[in-house]
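Asker: can't give you the sequence, but here's the structure:
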C-alpha cells in the first residue's frame, strides 16, 4: 500500500518545497521514475551536489554566489555609492534584468516577521550596518516587498540610519505597467495615490 | 544577470517536471539554496540515486518496484483470478488504499493516445495478453481513466479479449461519494445515468 522506499523518500524530500503537497510530490516522483532516463536523473543529482559544494552567500552583500566575492561586488565598474536592499537573491536578478541600475546590492535573506519568529538579528541587517560604516555609500534604496514584513523591515532599517548622512529611500509602489486600475488591490491603489506626482 | 551555474542547472532540471514553469523551478532552487541544509540535500541526492539503481518495472505486472517480482505479484494470498488494469502505478496505490481488493494488477504505463503518438504497442498491452495466456485469470477489470485515452484503451483491450473465456468488466463511473450533482460534469452525469441500477 505504499511505494518502494526510495520513491517514498523522494516524495518526502520534495514535499519540503514551498507549495508542494503530497499529491504534487507524488506526481514529481512518479515522473522521475516513469519519464526520466538515468542521464536526466544524473543531471539533477549533479546540480544538487554542486549546490552543496559551490554555493555560498557572498560575504559582502549576502547574495548567493559561487565566487568570492560575488560578480557584482567584485565589479569595479559599478557605482559604489548606492546599495539596493532586497529580501531575496531572486530580487537581485529581477533588478539586474532592467539594465538600469549599476550600483550594489544587499540581500537580507528574509524580512522581519515576528509571527514567524524572524527578528532583525535573523536577517542580514547587522552586515548591512557594517558595510555602511566601511564603504562610501551615499544612498540606501529599500526594495523590500510591499507586505507587512517588507514594510516593517524597511521602516526598521530606515530608523537605524536616521542619524547618518546616508540618504534612505524606498522604491515606489503603484499601479504596474500595463496594469488596470480596476484590478489593482487596495494597498496598491493607496500607495499609488500616496506616491502621486505633479505632471 | 543570472544565477551561478549549479543553480541554473537545477532550475533547468526541475522545469522538466509536469506543471513546473521557470518561476516555480526558480522558487524550488532558491529554497534549496537558502532553506535546506546539507543533510536535507543529501537525502534528496540519495533518493534520486536509489531510484536510479533500485527501481524498475515489475516484469509481471509493470508496476514500479524495488523487488522482483513486486510485493503484490509475489503475494500468494492474493486472488490470482482477477486482474485490474490501470494506466499508472499510482492508480495501484489508490486501489490498494481501499483495502477491498485482493486480486492482481496490470499497469499499462500510459494509455492509447494517437494525438500524442502513443499506440497500443507503446504501452504494456502485449505483456497483459501474455499473462492472460499463462495465468488462471477469470476476470479483467478495466480501470483506465474516464478520458478519451482511457476509454479508447479500455475498448481496445476489451476487443482483444472478445473471443476468450475471460470476463471483461469496466469500473463504474458516476457521481462520487459526497459529490453534488449540481457540480458534476456532463460526462459524469451521463455515465451515472447509463450505469443506473434498480433499487
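Answerer: Looks like it came in fine. Just so you know, these numbers come straight off a predicted model, no measurement behind them.

Asker: neighbours of residue A:135, how many?
Answerer: Using other C-beta atoms under 10 Å in any protein chain shown, residue A:135 has 13 other residues around it. Every residue, glycine included, has its C-beta placed from N, CA and C.

Asker: again, but for residue A:115
Answerer: By other C-beta under 10 Å, the residues close to residue A:115 number 7.

Asker: and residue A:132, what's its pLDDT?
Answerer: Predicted confidence (pLDDT) for residue A:132: 94.

Asker: which secondary structure element contains it?
Answerer: According to DSSP states H and E, residue A:132 maps onto helix A:125-134.

Asker: which helices and strands sit right next to that helix?
Answerer: strand A:82-86, strand A:104-107, helix A:148-160 (3 or more C-beta pairs under 8 Å, 6 or more residues apart in numbering or on different chains; DSSP states H and E).

Asker: what's across from residue A:170 in the sheet?
Answerer: Per DSSP bridges, the residues bridged to residue A:170 are residue A:142.

Asker: now do the contacts for it.
Answerer: By C-beta atoms under 8 Å, 6 or more residues apart in numbering or on different chains, the residues touching residue A:170 are A:141, A:142, A:154, A:158.

Asker: of those residues, which is the nearest to chain B?
Answerer: Nearest to chain B, judged by C-beta to the nearest C-beta, of the contacts of residue A:170 is residue A:141 at 18.7 Å.

Asker: and the top helix by length along chain A, how far from the chain's centre?
Answerer: With secondary structure taken from DSSP state H, chain A has its longest helix at helix A:38-54. Relative to the centre of its chain, helix A:38-54 is centred 23 Å away, using C-alpha atoms, centre = their mean, to the nearest Å.

Asker: is any part of that helix close to chain B?
Answerer: Yes: part of helix A:38-54 sits near chain B under the criterion C-beta under 8 Å from any C-beta of the partner chain, namely A:38, A:40-52, A:54.

Asker: hmm, who's touching the strand or helix carrying residue A:188?
Answerer: Assigned by DSSP H and E, residue A:188 falls within helix A:186-194. Residues from elsewhere that reach helix A:186-194 (C-beta under 8 Å, 6+ apart): A:146, A:173, A:174, A:175, A:181, A:184.

Asker: excluding sequence neighbours, find me the nearest residue to the fifth one.
Answerer: Spelled out, that is residue A:181. Nearest non-adjacent residue to residue A:181, counting by C-beta to C-beta, 6 or more residues apart in numbering or on different chains: residue A:175, 6.0 Å away.

Asker: let me see the domain layout of chain A.
Answerer: Listed domain ranges for chain A are A:5-54, A:64-198 (source: automatic domain parsing).

Asker: point out the most buried one among those domains.
Answerer: The highest mean neighbour count among the domains of chain A, using mean count of other C-beta atoms under 10 Å in any protein chain shown, belongs to domain A:5-54: a mean of 17.

Asker: rounded mean pLDDT for that domain, please.
Answerer: Across domain A:5-54, pLDDT averages out at 94.

Asker: likewise stretch A:145-152?
Answerer: 90.

Asker: contact partners for the residue nearest to the spatial centre of chain A?
Answerer: Nearest to the mean C-alpha position of chain A, by C-alpha atoms, centre = their mean, lies residue A:88 at 1.1 Å. Residues near residue A:88 by C-beta under 8 Å, 6+ apart: A:107, A:109, A:110, B:30, B:34.

Asker: among these, which ones are in strands?
Answerer: residue A:107 (DSSP state E).

Asker: what's the farthest-apart pair in the contacts of residue A:88?
Answerer: Greatest spacing in these, by C-beta to C-beta: A:110 and B:30 (12.0 Å).

Asker: about what we covered before: nearest to residue B:165, of the domains of chain A?
Answerer: Closest to residue B:165 of the domains of chain A is domain A:5-54 (C-beta to C-beta; 33.0 Å).

Asker: now the end-to-end length of that closest one.
Answerer: Start-to-end span of domain A:5-54 (C-alpha to C-alpha, to the nearest Å) is 29 Å.

Asker: and if you look at stretch A:92-109?
Answerer: 11 Å.

Asker: and the contacts of it?
Answerer: Contacts for stretch A:92-109 (C-beta under 8 Å, 6+ apart): A:57-58, A:61-64, A:72-73, A:77-89, A:91, A:123-125, A:127-128, A:131, A:137, A:143-144, A:153, B:1-3, B:34.

Asker: just how off-centre is that stretch within its chain?
Answerer: Centroid separation between stretch A:92-109 and its chain, computed with C-alpha atoms, centre = their mean, is 10 Å.

Asker: pLDDT averaged over it - what is it?
Answerer: Mean pLDDT, computed over stretch A:92-109, is 90.

Asker: returning to what we had before: in helices, which of the contacts of helix A:186-194 appear?
Answerer: Among these, no member falls in helices (DSSP H).

Asker: between the residues you listed, which sits nearest residue B:15?
Answerer: Of the contacts of helix A:186-194, the one sitting nearest to residue B:15 (C-beta to C-beta) turns out to be residue A:146, at 28.1 Å.

Asker: show me the contacts for the spatially closest residue to the closest one that is not a sequence neighbour.
Answerer: Leaving aside its chain neighbours, residue A:146 sits nearest to residue A:173 (5.0 Å; criterion: C-beta to C-beta, 6+ apart). Residues near residue A:173 by C-beta under 8 Å, 6+ apart: A:146, A:188, A:191, A:192, A:195.

Asker: so which one among the residues you listed has the lowest pLDDT?
Answerer: residue A:192 (75).

Asker: export the contacts of residue A:170 to TSV and tack on distance to residue A:9?
Answerer: Formatted as TSV, the contacts of residue A:170 follow (distance: C-beta to C-beta, whole Å):
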residue	distance to residue A:9
A:141	44
A:142	42
A:154	41
A:158	46
